[in-house]
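Novice: Mind looking at a prediction? Sequence and model below.
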Amino acid sequence: MTTLYHNPRCSKSREALQILQQANEPVEVVLYLKDTLSEGALKKIIQQLGVSAIELIRKNEPVWKQNYKGKSLSEDELITAMVNNPKLMERPIAINKTKAVIGRPPSEVLKVL
C-alpha cells in the first residue's frame, strides 16, 4: 500500500495517482490541504524523503514570496510554515514502507513500489 499526499487540483498529483493505479498499487490518498499534517508527521515525511525542509517548499507560492522569502528560517520554522500553509508543501509525495519520493516528475512515484 502506497500513501499519496495528494492535491486533486494539481495535474502532476493527479498524474502520479493515475500511474500508481495503473500499476495496480493500492493507494491511500491523503488530501493534505484538507487534513493538514502535524509538525511531527511532517518531520517524519521529511526524514523518510531524506531532504531538508527547504527542499520541500514550493518557493513560487504567493504565501512564500509574501511572508518567508529572503528570511533565514530554521528547519523547525520551515516545518511550522508548511503546517500553517500546506500549499507550501511540494506535491505529490508517495510513501511505501521505508521508501518515499516527491513525484516530480510524476513517474518518480514508481520508485516506492
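Specialist: Okay, I see it. Note that the structure is predicted; figures quoted are calculated from it, not measured.

Novice: List the residues that contact residue 1.
Specialist: 25, 26, 27, 28, 96 (CB atoms under 8 Å, 6 or more residues apart in numbering). The way it works is simple: take the backbone N, C-alpha and C, and place the C-beta from them, glycine included.

Novice: Among those residues, which ones are in strands?
Specialist: 27, 28, 96 (DSSP state E).

Novice: got those residues as TSV, with neighbour count and pLDDT columns?
Specialist: Shown next, in TSV, are the ones in strands among the contacts of residue 1 (neighbours: other CB atoms under 10 Å; pLDDT from 0 to 100):
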residue	neighbour count	pLDDT
27	18	98
28	11	98
96	19	97
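
Novice: Return the closest of the residues you listed with respect to residue 14.
Specialist: residue 27 (12.3 Å; CB to CB).

Novice: Give the bridge partners for the closest one, please.
Specialist: Residues in a beta bridge with residue 27, per DSSP bridges, are residue 2.

Novice: could you pull out the strands for this protein?
Specialist: Using DSSP E, strands in the chain cover 2-5, 27-30, 93-96, 99-102.

Novice: Could you provide those strands in TSV, with additional columns for distance to residue 38?
Specialist: As requested, the strands of the chain are exported to TSV (distance: least, CB to CB, whole Å):
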stretch	distance to residue 38
strand 2-5	13
strand 27-30	12
strand 93-96	15
strand 99-102	17
